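*Asks:* give me coordinates for this.
(2 chains)
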Number of protein chains: 2
Amino acid sequence: MTSTQQTSTHETRIEVDTEVPLVRIVREFDAPPAKVFRAHVDPELVVQWLGPRGLEMRIDRWDARTGGEYRYVHGRDGQEYWFHGSFHEVRPEDLTIVQTFTFEGVPDGVALEKLVLEDLGDGRSRLTATSLVDSFEARDAFVASGMETGVREGYERLDEVLRG
Amino acid sequence: MTSTQQTSTHETRIEVDTEVPLVRIVREFDAPPAKVFRAHVDPELVVQWLGPRGLEMRIDRWDARTGGEYRYVHGRDGQEYWFHGSFHEVRPEDLTIVQTFTFEGVPDGVALEKLVLEDLGDGRSRLTATSLVDSFEARDAFVASGMETGVREGYERLDEVLRG
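*Replies:* Numbering: from 1, shown residues only, chains lettered A, B, ... in the order given. Model (predicted):
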């Protein structure tokens, strides 16, 4: 695919909050918010972009509605990384998703995530995604785990899905 | 019911964390942890104790398993207070529940709650329930909202259910 060789024009900003144990990710997309929203809830689109390059994503459960749940696996080189959570709220009308997230390798860890899309006009949108945990140690370990690469590459892949 | 006139011998400790926007509730019960756990997941038991005295609780949805969801209403004097959330994890083997919680009167507010039961032996147990939100303002507003009365009275009612 030639599209994987294109360089994204959008920076992914990843900030750690100073007051509360939260990570904030801000990213713009050259697509209207409804389209970016759909790429977060439609499992056939999600598997095309979520996570870093070179991983295969398979969905075990995916029910992207308020009260629904999900579980998926990222596989690479015979290793499997399982994740699961609940969709606390999926509100297309507000371009908002609130969900929980656990990496099953750390089964007692859980993050509360909020994703909000803003319409920037001209077919563009801005995503703000926050991830809240219950200690600064857990937050800093999450940031140090290399999540940054996965997030940046995932959004570059999402750019490609949105162009497709 | 004469049982409502008994005074509980157990204090409900409600602490606000100084580091993170979290409320911690600690309460002992004169019942083994499996019994207290069941009173948190069995809807026929939950409606008998959750919330302050004088409210009627009705369940709209209740699916207390990992990935399930709930929605209920507390009614008093013609007023209705709706709540909903997801059961991120329900682990009877670990005596642990992780769930989200939204009071629909504040629809953008959401808390991540963890409930853990410890076996104190001699048929007694200790519940530690934490509630995490994304700002100290929201946490302090929650504490100032009168949640303390509801929590204390709810656990007194739970004492009665456990004795029953």
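*Asks:* show me the contacts for A:Leu117.
*Replies:* A:33, A:36-37, A:95-96, A:125-127 (Cβ atoms under 8 Å, 6 or more residues apart in numbering or on different chains). Using the backbone N, CA and C atoms, a C-beta is placed for each residue, glycine as well.
*Asks:* closest to B:Gly109 among those residues?
*Replies:* Within the contacts of A:Leu117, proximity to B:Gly109 (Cβ to Cβ) peaks at A:Thr96, which comes in at 12.7 Å.
*Asks:* doesn't A:Leu127 make contact with the closest one?
*Replies:* No: in this structure, A:Thr96 is not within contact of A:Leu127 by Cβ atoms under 8 Å, at 11.0 Å.
*Asks:* so which of the two has more stuff around it?
*Replies:* Counted by other Cβ atoms under 10 Å in any protein chain shown, A:Thr96 and A:Leu127 do not tie: A:Leu127 has more neighbours, with 21 against 16.
*Asks:* residue boundaries of the strands in chain A?
*Replies:* If DSSP state E is used as the criterion, the strands of chain A fall at A:12-16, A:22-29, A:56-62, A:68-76, A:79-91, A:96-103, A:111-121, A:124-132.
*Asks:* follow-up on the earlier one: give me the common contacts of A:Thr96 and A:Leu127.
*Replies:* Counting by Cβ under 8 Å, 6+ apart, the common neighbours of A:Thr96 and A:Leu127 are A:115-117.
*Asks:* contacts only, for the residue nearest the centre of chain A.
*Replies:* Centroid-nearest residue in chain A: A:Leu50, 6.3 Å away (criterion: Cα atoms, centre = their mean). By Cβ under 8 Å, 6+ apart, the contact set of A:Leu50 is A:57, A:72, A:154.
*Asks:* and what of A:Pro52?
*Replies:* A:149-150, A:153-154.
*Asks:* ok, the residues you listed vs chain B, which is closest?
*Replies:* Among the contacts of A:Pro52, A:Gly150 lies closest to chain B (Cβ to the nearest Cβ), at 21.4 Å.
*Asks:* chain neighbours aside, what residue packs nearest to that closest one?
*Replies:* A:Pro52 (4.2 Å; Cβ to Cβ, 6 or more residues apart in numbering or on different chains).
*Asks:* ok, A:Glu153 next?
*Replies:* Looking at A:Glu153 with Cβ to Cβ, 6+ apart, the closest residue is A:Pro52, at 4.3 Å.
*Asks:* got phi/psi on the one you found?
*Replies:* Backbone torsions for A:Pro52, taken as degrees, to the nearest 10, come to phi -70, psi 160.
*Asks:* so how far is B:Phe37 from it?
*Replies:* Applying Cβ to Cβ, to the nearest Å, the value for A:Pro52 to B:Phe37 is 39 Å.
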